[in-house]
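K.L.:
I would like to see how this sequence folds:
(2 chains)
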Amino acid sequence: MSGQDIGLWSVLIAVLGGAIRVGTPFIFVSLGECLTEKSGRINLGLEGNLVMGAMVGYATSYLSGSPWLGVLAAAGSGCCLGLLHALLCQHKRVNDIAVGIAMMLFASGLAFFYGKPFIQPSAPRLPSIGFGNWSDSPVVRAALDINALFFIGVILAPVMAWFLMRTRWGNSVRVVGESSDAALAMGISIHRVRLLSTVAGGAFAGIGGAYLSLYYPGSWSEGLSSGQGLMAVALVIFARWNPIYCLYASLLFGAAAALGPALQSVGIHSGYYLFNAAPYILTLAIMIISSDRKGTLGGMPGELSK
Amino acid sequence: MLNLRETWLISLGALTVAFMLVGIFFASTGNSPFEVFYTLYRGAFGSWFSWQNTLVRAAPLMLTALCTVLPARVGLIVIGGEGAVVVGGLCSTLVGLALRDMGPFTVITAMVLTGALTGGLWIAAVGALQYFRNVNETISSLLLNYIAIAILNFLVIGILKDPATLNNPSTHAIGEANMIGNIGASTIHWGLVYGVVACVGLWVICRHSVFGFAADVVGGNIRAARLAGLPVVKILLWCCFLGGAAAGLAGTLEVAAVHGRANNGLNAGYGYAGILVAFLARHNPLAVIPYAILLGGIQASGGLMQRAHNLPDATVYVIQGIIFMVILTSELFYGKFRWLHATREAKS
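P.N.:
Now for the predicted structure:
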């Protein structure tokens, strides 16, 4: 085997490991956004939930010594922010996209404000399971060191798909998202369904944030999130509002984000920053290809286009 | 909407409520709200020094706000100001570098035109995608922000890098002589004048021209506009172009009046803060001016609040977020106060 081959293999393994490691927060945020959008509302403020979840999770883990308690607290903070978004948006004249931007500013600001004392100390991190211990190659070991939250995310996606397609509640969410008139006729409370969907979606985003600060990169700082919360909105479109596709898309986005550093590690430097743009260009291209002048995107909840 | 008294009263009321909430937030941190507000006032408008600081920050905000304001008049929510700033700044730097020996007048004129043209085309593309392919304009403009920043990083760290700028990778400088100077003896650059002129000019167009009226018809009811035979595509694309041109101009000014070269300073968040200004101004170009100054003031006072009360710089984001949310919620009260509507036709 020539040196070139080993280099390519290590890139492939690093990208695979990166897809899992970098993709996990995307799974949670995109599933959260997917649920919220299924109910006919866009929450652009999930970036704020993510940052807040990262701070709250880290602080709780540091103060209590239990990282899992941190994850729980992060989900709780996401619930609160989701509730605030839902309450502000339930009125017809309040623009949900603008409220999302406001929430993003507000929640990141609060997280930075209260997170200042937690930048220095190191909190207990979430444990990982070493699936690569059979191998003596450090590259393989590093790539297969997988966090339990990844598996929770992988299970969550089909569970959410089942919830949306097969249960009474999931059906209500889809009806409210497709047509509020139909929901009214069926006697479903639009406000309540959207409120619960936004709150649950916010909680998922909070967990995604906890993963960032408690596992990878693994510490709390103000530059922790690189826009994963905003990217989730694009990711859900990319995944056509299907939870299972959200899972695949998250892994793909994770892999795309890991490609640059992986190539850099084997000496390919050119175009590093262009690789960062790959997921965005891909999403935009797919949006352009898959929509047309008359119709809306396939799978798009009807209420979103109003 | 046309009722000025209603707009004034509700905006003032909302700002009062917002500042009360901000006061409660300050109190929760153990500070006296009144002392912090006084510091905020001192840092923003208390002296000539802080006024200059405020106005320098307000100038780009006016221009980036227009990037959300104009598309909003035809019913599009565009949040791509950040990308247009980056593209405008980057392209005008390239032109500035190519023409750097042609004399300041040529260089600055060419840079301003390039910035406005490229920023305008950037956002016009968003409008075209929305109209012709039904691509959601909010999401596509957001994606374009990231793409613009990636292109900037790629070029600035790669082929365009000035080897002398190690810590903060930048392009070569356009040259001291080619920069836009300050107004008189102040530290405020002429960009402020560009911003004010753009706001006033676009307000005149929006309120007192056939084009502005047609744009409002398109924004109000696109089918009615089509039935009336208005050139809907043209109006929609022009509004996007003008908004993007303003943001692109902001990028040019950041290069030509502040940094002297293109670097990461271009994506400093002016685009996102501009969205806030646009919603505060309720998409009225003239109202953009005072709100940009208010927001510039809040940003300018961040440093003083940190020194005087030990409040971290994130305080500014919290204040902005609270104001933004309260203003958005205040939309609910429009049309609720009947006694405010003196004449029947003013009722919206």
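K.L.:
okay, now residue 304: neighbour count?
P.N.:
Went with chain A since none was named. In terms of burial, A:L304 registers 20 neighbours under the definition other Cβ atoms under 10 Å in any protein chain shown. From N, CA and C alone the C-beta is placed, and that goes for glycine too.
K.L.:
Sorry, I should have been clearer: chain B.
P.N.:
The burial metric for B:L304, expressed as a neighbour count using other Cβ under 10 Å, is 18.
K.L.:
Just the element for the nearest residue to it once chain neighbours are set aside, please.
P.N.:
Setting aside the residues directly before and after it, B:L304 is nearest to B:G43 in space (Cβ to Cβ, 6 or more residues apart in numbering or on different chains), at 3.5 Å. Of the helices and strands defined by DSSP states H and E, B:G43 is found in helix B:33-45.
K.L.:
who does the helix or strand just after that helix touch, helix- and strand-wise?
P.N.:
Sequence order places helix B:48-73 as the next helix or strand after helix B:33-45, per DSSP H and E. Packed against helix B:48-73, as judged by 3 or more Cβ pairs under 8 Å, 6 or more residues apart in numbering or on different chains; DSSP states H and E, are the following elements: helix B:33-45, helix B:81-98, helix B:104-133, helix B:191-208, helix B:210-220, helix B:232-253, helix B:270-280, helix B:285-300.
K.L.:
Does anything pack onto the third one? Which helices or strands?
P.N.:
Spelled out, it's helix B:104-133. Contact analysis of helix B:104-133 by 3+ Cβ pairs under 8 Å, 6+ apart lists helix A:272-290, helix B:48-73, helix B:81-98, helix B:137-157, helix B:232-253 as its packing neighbours.
K.L.:
hmm, back to that, buried ones in the helix holding B:G43, by neighbour count?
P.N.:
Using 16 or more other Cβ atoms under 10 Å in any protein chain shown as the test for burial, helix B:33-45 gives B:33, B:36, B:39-40, B:43-45.
K.L.:
tell me which of the residues you listed is nearest to A:K116?
P.N.:
Distances from A:K116 to the buried residues of helix B:33-45, taken as Cβ to Cβ, are shortest for B:V36 (16.8 Å).
K.L.:
what residues does stretch B:210-228 touch?
P.N.:
With Cβ atoms under 8 Å, 6 or more residues apart in numbering or on different chains as the test, stretch B:210-228 has contacts from B:72-75, B:205-206, B:230, B:232, B:235-236, B:238-239.
K.L.:
Next: stretch B:240-248.
P.N.:
B:63-64, B:66-71, B:74, B:76, B:78, B:80-81, B:84-85, B:87-89, B:91-92, B:115-124, B:126-128, B:198, B:202, B:271, B:274.
K.L.:
if we can go back for a sec, what sits against the residue nearest to B:L304?
P.N.:
Contacts here follow Cβ under 8 Å, 6+ apart; on that basis B:G43 touches B:50, B:297, B:300-305.
K.L.:
burial measure for residue 283, as a count.
P.N.:
Going with chain A. Burial of A:T283 is recorded as 26 neighbouring residues (other Cβ under 10 Å).
K.L.:
My question was about chain B, not that one.
P.N.:
Residue crowding around B:H283 was assessed by other Cβ under 10 Å; the count is 20.
K.L.:
so it makes contact with B:R73?
P.N.:
Yes - applying Cβ atoms under 8 Å as the test, B:H283 and B:R73 come out as touching, 6.1 Å apart.
K.L.:
contacting residues around B:A268?
P.N.:
For B:A268, the contact set (Cβ under 8 Å, 6+ apart) comprises B:E254.
K.L.:
phi, psi of it?
P.N.:
Here the main-chain torsion angles of B:A268 (degrees, to the nearest 10) amount to phi -90, psi 10.
K.L.:
Next: B:T171.
P.N.:
When quoted as degrees, to the nearest 10, the phi and psi of B:T171 stand at phi -80, psi 180.
K.L.:
now swap in B:G80 and tell me
P.N.:
phi -100, psi 20.
K.L.:
how many neighbours does it have?
P.N.:
Residue neighbour count, defined by other Cβ under 10 Å, stands at 32 for B:G80.
K.L.:
Could you report the neighbour count for the closest residue to it other than its chain neighbours?
P.N.:
Of all residues not flanking B:G80 in the chain, B:S141 sits nearest, at 2.9 Å (Cβ to Cβ, 6+ apart). Applying other Cβ under 10 Å, we find 32 residues neighbouring B:S141.
K.L.:
contacting residues for residue 60?
P.N.:
Since you didn't name a chain, this refers to chain A. Applying Cβ under 8 Å, 6+ apart, we find A:T60 in contact with A:66, A:69-70, A:72-74.
K.L.:
not what I meant, chain B
P.N.:
Contacts for B:P60 (Cβ under 8 Å, 6+ apart) come out as B:85, B:191, B:195, B:250, B:253-254, B:270, B:274.
K.L.:
A:A249 too?
P.N.:
For A:A249, the set of contacting residues under the criterion of Cβ under 8 Å, 6+ apart consists of A:26, A:30, A:235, A:238-239.
K.L.:
now the chain, which segments are flagged as low pLDDT?
P.N.:
Using chain A here. Across chain A, residues meeting the criterion (pLDDT under 70) sit at A:1-6, A:269-270, A:292-298, A:305-306.
K.L.:
right idea, wrong chain: chain B
P.N.:
In chain B (pLDDT under 70), the answer is B:1-2, B:338-348.
K.L.:
tell me the domain ranges of it?
P.N.:
Taking automatic domain parsing as the domain assignment, the ranges for chain B are B:1-31+B:315-340, B:45-310.
K.L.:
In the stretch 1-150 of chain B, which residue sits closest to chain A?
P.N.:
Nearest to chain A in the stretch 1-150 of chain B, going by Cβ to the nearest Cβ, is B:A150, at a distance of 3.4 Å.
K.L.:
which one is that residue nearest to, not counting chain neighbours?
P.N.:
A:A277 (3.4 Å).
K.L.:
What separation do you get for that neighbour and A:A74?
P.N.:
Counting by Cβ to Cβ, to the nearest Å, the gap from A:A277 to A:A74 is 29 Å.
K.L.:
neighbour count winner among the two?
P.N.:
A:A74 (33 against 21).
K.L.:
isn't the more buried one right next to A:G209, touching?
P.N.:
Yes - counting by Cβ under 8 Å, A:A74 touches A:G209, with 5.6 Å between them.
K.L.:
Quickly list what's touching both of these two.
P.N.:
Common neighbours of A:A74 and A:G209, using Cβ under 8 Å, 6+ apart, are A:52-54, A:56-57.
K.L.:
of those, list those near chain B.
P.N.:
Checked against chain B using Cβ under 8 Å from any Cβ of the partner chain, these yield no neighbours at all.
K.L.:
what's the neighbour count on A:L83?
P.N.:
There are 16 residues near A:L83, going by other Cβ under 10 Å.
K.L.:
so which helix or strand takes in it?
P.N.:
Secondary-structure element containing A:L83, defined by DSSP H and E: helix A:67-89.
K.L.:
Alpha carbons of that helix, in PDB - could you do that?
P.N.:
C-alpha atoms of helix A:67-89 as PDB (Å, rounded to 0.1, in the frame of the first residue of the first chain):
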ATOM      1  CA  PRO A  67     -23.100  16.100  32.700                       C
ATOM      2  CA  TRP A  68     -26.400  14.300  32.200                       C
ATOM      3  CA  LEU A  69     -28.100  16.700  34.600                       C
ATOM      4  CA  GLY A  70     -26.500  19.400  32.300                       C
ATOM      5  CA  VAL A  71     -28.200  17.900  29.300                       C
ATOM      6  CA  LEU A  72     -31.500  17.900  31.100                       C
ATOM      7  CA  ALA A  73     -31.100  21.600  32.200                       C
ATOM      8  CA  ALA A  74     -30.200  22.500  28.600                       C
ATOM      9  CA  ALA A  75     -33.400  20.900  27.400                       C
ATOM     10  CA  GLY A  76     -35.300  22.900  30.000                       C
ATOM     11  CA  SER A  77     -33.700  26.200  29.000                       C
ATOM     12  CA  GLY A  78     -34.600  25.400  25.400                       C
ATOM     13  CA  CYS A  79     -38.200  24.800  26.500                       C
ATOM     14  CA  CYS A  80     -38.400  28.200  28.100                       C
ATOM     15  CA  LEU A  81     -37.000  30.000  25.000                       C
ATOM     16  CA  GLY A  82     -39.400  28.000  22.800                       C
ATOM     17  CA  LEU A  83     -42.300  28.900  25.000                       C
ATOM     18  CA  LEU A  84     -41.400  32.600  24.800                       C
ATOM     19  CA  HIS A  85     -41.100  32.400  21.000                       C
ATOM     20  CA  ALA A  86     -44.500  30.600  20.800                       C
ATOM     21  CA  LEU A  87     -46.200  33.100  23.100                       C
ATOM     22  CA  LEU A  88     -44.900  36.100  21.100                       C
ATOM     23  CA  CYS A  89     -45.800  34.500  17.700                       C
END
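K.L.:
Since that was my last question, I'll sign off now.
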